[in-house]
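In: my questions concern the predicted model and sequence given below.
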Amino acid sequence: RSPLAFTCRSSSWPNTSGHHRNVNASGLRGKIILAYHSRLSSTIMSGPQQQPQPAEHRLSDDTDVIDLEDITLPSAGRQARQSVVVPRRRRRVGDPTQGSFPANAAAEAAAAEAGEDASGEDTRDAPESNLPGSAVVHVKTWGCGHNNSDGEYMAGLLDQYGYTLTDDESVADLWVLNSCAVKAPSEDTFNNAVARGQAAGKKVVVAGCVPQGGPNGRVTKGMSIVGVQQIDRVVEVVEETLKGGVVRLLGNKRMGRKKAGGASLDLPKIRRNPLVEVVPISTGCLNQVRICCVFCRHPASALYNDQNYDRAKFPDYPPTHMTPQLYSGHAQCTYCKTKHARGELGSYPPEEILDRVKSVLKEGVVEIWMTSEDTGAYGRDIGSSLPELLTRVLAVMLPHTRLRLGMTNPPYILEHLDAISQLLQHPSMYCYLHVPVQAGSDEILYAMKREYTQDDFRRVVDTVRKVNPEVTIATDIIAGFPGETEADFDETFALCKQYQFPCLYINKFFPRPGTPAAAMEKVDTQLVKQRTKRLSEYFRSYLPHTGKIGRRYEVLAAEESTDKQWYVAHNKSYDQILVPKRPELLGRTFEVEIIEVGKFHMMGRVIEGTLGPEPVPPSANQWRAAQKMGLVNSSVHLSTPGAFLPLRSAGSALGGQRLASVGKWARKHLVLSTVFVFLLFDLLVVLVSHATALASS
């Protein structure tokens, strides 16, 4: 296992026996950086443990502990930051692995009973040792697909190590809260959950973008943190947090000198939906701000700066009405908090992504969702590209399985527009794109540092729709960005009216602390509400599926509706089509006839005789893990059609609660349980002996 660095918030730190050794920490103001190069004795006493991650999959980490900026050290003592205290392993009485046996074991045992070890150290205040992997853990995730994938990986690692997972937070010993920093409301929800857990006396470990972007924030300061690229070490953090330590792992993975995509994709995972695998292809974003003037309406692909731009080609640069501020190199959108956490672009190698896809398809997955902060930028840091990756992945997709591409920003898909348009026609790929425009005004896009103009966005939509008339394009709008005038909003409204997007995510502007937009002059709150309402009312006024009644589609059913009355199937365009809840439909393709349309979905009648092949049953490990989480119907065998339907009913939650409660009781009464098992065995032996004697007589 990699050395574990963590910050101890007290003047004592746990030694290898789980007790506390006093340390003079005044020079570091009570903060000590520790590195564990071996397991604690309590772990050793419990026998060899299964490693959460194979050694060959570990990548080098940057500095794990980054909350040292608030430690005031004398200038002459800067090297103290690098000091590492390695705890001395205490010798156990009569342990042949620790060298020769003690000369006077009885005296040493008597000293231990009196509250001292062989060196005279007082150990009477030592806490009771925790058996590794014995606690009940609740994992909660908010946010994007990438965040959800991280949460599923952490749940899989904890389950593999032996922890009991539960959806019932009240029976859990520890909560792992995986946060989202995109919007203020999502961060507030996370902060409230942290406060609720602490008030309930729970151990809390925080993860995700909020603590990564602000490890010393009001809520996260002094708490154990699993960084967004450190999810493969969640077991270490949970172990030490249960013992009272504070562990903060915030570094980046590196492959040579380049930033890696993150933890290995080949880790155990508990999917919320056993039929859908979310595959992160990269982390972070590029957002290389280009030197151009949006007011002149020049395309974003025209790269030039104030030293070498062609004045004959661009005679109106810079514009007379406004001289824009010039940027070079890498920056970030002025409103976005995510880059504070996810950082610069780091792509996974195509081979690693391909291996993951092949592996999960054998486990019964029928939908692959490729996700990232910006899928269009994939590969620019490793000499690859998104079209190259998609081509290779589509070549290994099984018949009757589907691939969905996640969000991409306009600048980078512009470079691959023709290739992406052609790939969307592949029978195994959903003809669906999520391209956020955010605003229809070039002035506002410039203030956001979005690297494109409204004409660039229109080019994306027009090109893709020309090649794929049935494509579904989703986009995002931010209403009320600082400096947005009524004329600016009118341009945004006109853009939405022109294309009538079937999926339109409308958001009020929320200033995120630490971003440039937070310091800009705000638009009046009432105006923001009025603009949001106006755009929302228009979006609800049209039906994108008008004229589709009577049409037939081949669909794939992989989800259950939120009201649990229907299965949700998707056609080639990724439209939502509700079908009857028949177990044999789940995970399979079939044809439907549209009998009703609504704003967000259609109703389909199943065409009999069109069922595709049965899906591959989930692996035994996935089945067992999903049963533990109460995500599947545990009353039937995994080979039964529809058995791996995700269940979120009260009954399944109660079952998971009972399982956690029974497991907790068994651990607390381990000795009693063991004696009880032996008594049953003895009784069975006696009964067999009597039966044998009677038979012989």
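Out: Thanks, I have the structure now.
In: and the pLDDT at the closest residue to Val555 other than its chain neighbours?
Out: Excluding its sequence neighbours, the residue lying closest to Val555 (Cβ to Cβ, 6 or more residues apart in numbering) is Ala569, at 3.8 Å. Bear in mind the C-beta positions are built from the backbone N, C-alpha and C, glycine included. Ala569 is assigned 98 on the pLDDT scale.
In: got the contact list for Ala569?
Out: 555-558, 576-579, 585, 590, 592, 604 (Cβ atoms under 8 Å, 6 or more residues apart in numbering).
In: how far does stretch 239-246 stretch from one end to the other?
Out: For stretch 239-246, the separation between the terminal residues is 10 Å (Cα to Cα, to the nearest Å).
In: now do stretch 256-274
Out: 35 Å.
In: and stretch 471-490, by the same measure?
Out: Start-to-end span of stretch 471-490 (Cα to Cα) is 26 Å.
In: pLDDT on that stretch, on average?
Out: Across stretch 471-490, pLDDT averages out at 96.
In: one more: stretch 430-441?
Out: Stretch 430-441 shows a mean pLDDT of 96.
In: before we move on, the earlier item: for the residue nearest to Val555, give its distance to Ile595.
Out: Ala569 sits 14 Å away from Ile595, going by Cβ to Cβ, to the nearest Å.
In: so, low pLDDT: which residues of the chain?
Out: Counting by pLDDT under 70, the chain contains low-confidence ranges at 1-132, 287-331, 618-673, 697.
In: try 50
Out: 1-129, 288-330, 634-666 (pLDDT under 50).
In: and for Ala569 and Ile595, which residues touch both?
Out: In contact with both Ala569 and Ile595: Gly604, using Cβ under 8 Å, 6+ apart.
In: re the thing from before, now tabulate the contacts of Ala569 in TSV and tack on neighbour count, distance to Gly343 and secondary structure.
Out: TSV is the format used below for those (neighbours: other Cβ atoms under 10 Å; distance: Cβ to Cβ, whole Å; DSSP: H, G, I helix; E, B strand; the rest coil):
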residue	neighbour count	distance to Gly343	secondary structure
Val555	27	39	strand
Leu556	25	35	strand
Ala557	27	38	strand
Ala558	23	32	strand
Gln576	17	34	strand
Ile577	23	39	strand
Leu578	20	40	strand
Val579	21	42	strand
Leu585	21	42	helix
Phe590	23	44	strand
Val592	25	44	strand
Gly604	27	43	strand
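In: would you reformat the residues you listed as CSV and include distance to Val176?
Out: Converted to CSV, those look like this (distance: Cβ to Cβ, whole Å):
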residue, distance to Val176
Val555, 36
Leu556, 32
Ala557, 31
Ala558, 26
Gln576, 31
Ile577, 35
Leu578, 34
Val579, 35
Leu585, 34
Phe590, 38
Val592, 40
Gly604, 39
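In: what's the closest of those residues to Gln230?
Out: Sorting these by distance to Gln230 puts Ala558 at the head of the list, at 30.6 Å, by Cβ to Cβ.
In: quick one: that closest one and Val579, what's the gap?
Out: 11 Å.
In: in the stretch 101-250 of the chain, what residue spans correspond to helices?
Out: Taking DSSP state H, counting those that start in this stretch as the test, the helices found in the stretch 101-250 of the chain are 105-113, 145-161, 184-199, 209-213, 234-242.
In: so which of those helices is the most packed in?
Out: Stretch with highest mean neighbour count among those: helix 209-213 (a mean of 27; mean count of other Cβ atoms under 10 Å).
In: neighbouring contacts of that one?
Out: 143, 147, 179-182, 187, 190-191, 217, 219-220, 223, 225, 227-228, 250, 337-338, 340-342, 514.
In: doesn't Glu277 fall inside a strand?
Out: Yes: per DSSP: H, G, I helix; E, B strand; the rest coil, Glu277 lies within a strand segment.
In: my read: Ala419 touches Pro387, true?
Out: Yes: counting by Cβ atoms under 8 Å, Ala419 touches Pro387, with 3.9 Å between them.
In: for the lengthiest helix in the chain, which positions count as buried?
Out: Longest helix of the chain, by residue count under DSSP state H: helix 670-696. Residues of helix 670-696 include none that count as buried (16 or more other Cβ atoms under 10 Å).
In: the chain should start at 488 in everything you say after this.
Out: From this message on, residue numbering opens at 488, which makes the last subject helix 1157-1183.
In: show me the contacts for the spatially closest residue to Pro969 that is not a sequence neighbour.
Out: Closest residue to Pro969 apart from its sequence neighbours, by Cβ to Cβ, 6+ apart: Met1007 at 3.5 Å. By Cβ under 8 Å, 6+ apart, Met1007 lies in contact with 821, 934, 969-970.
In: so which bits of stretch 959-976 are buried?
Out: 959-971, 975-976.
In: now do the end-to-end distance for it.
Out: The first and last residues of stretch 959-976 sit 24 Å apart, counting by Cα to Cα.
In: and what of stretch 902-917?
Out: Stretch 902-917 end-to-end distance (Cα to Cα) = 21 Å.
In: same check, this time on stretch 717-731
Out: End-to-end distance (Cα to Cα), stretch 717-731: 20 Å.
In: stretch 1024-1031 now?
Out: One end of stretch 1024-1031 sits 15 Å from the other (Cα to Cα).
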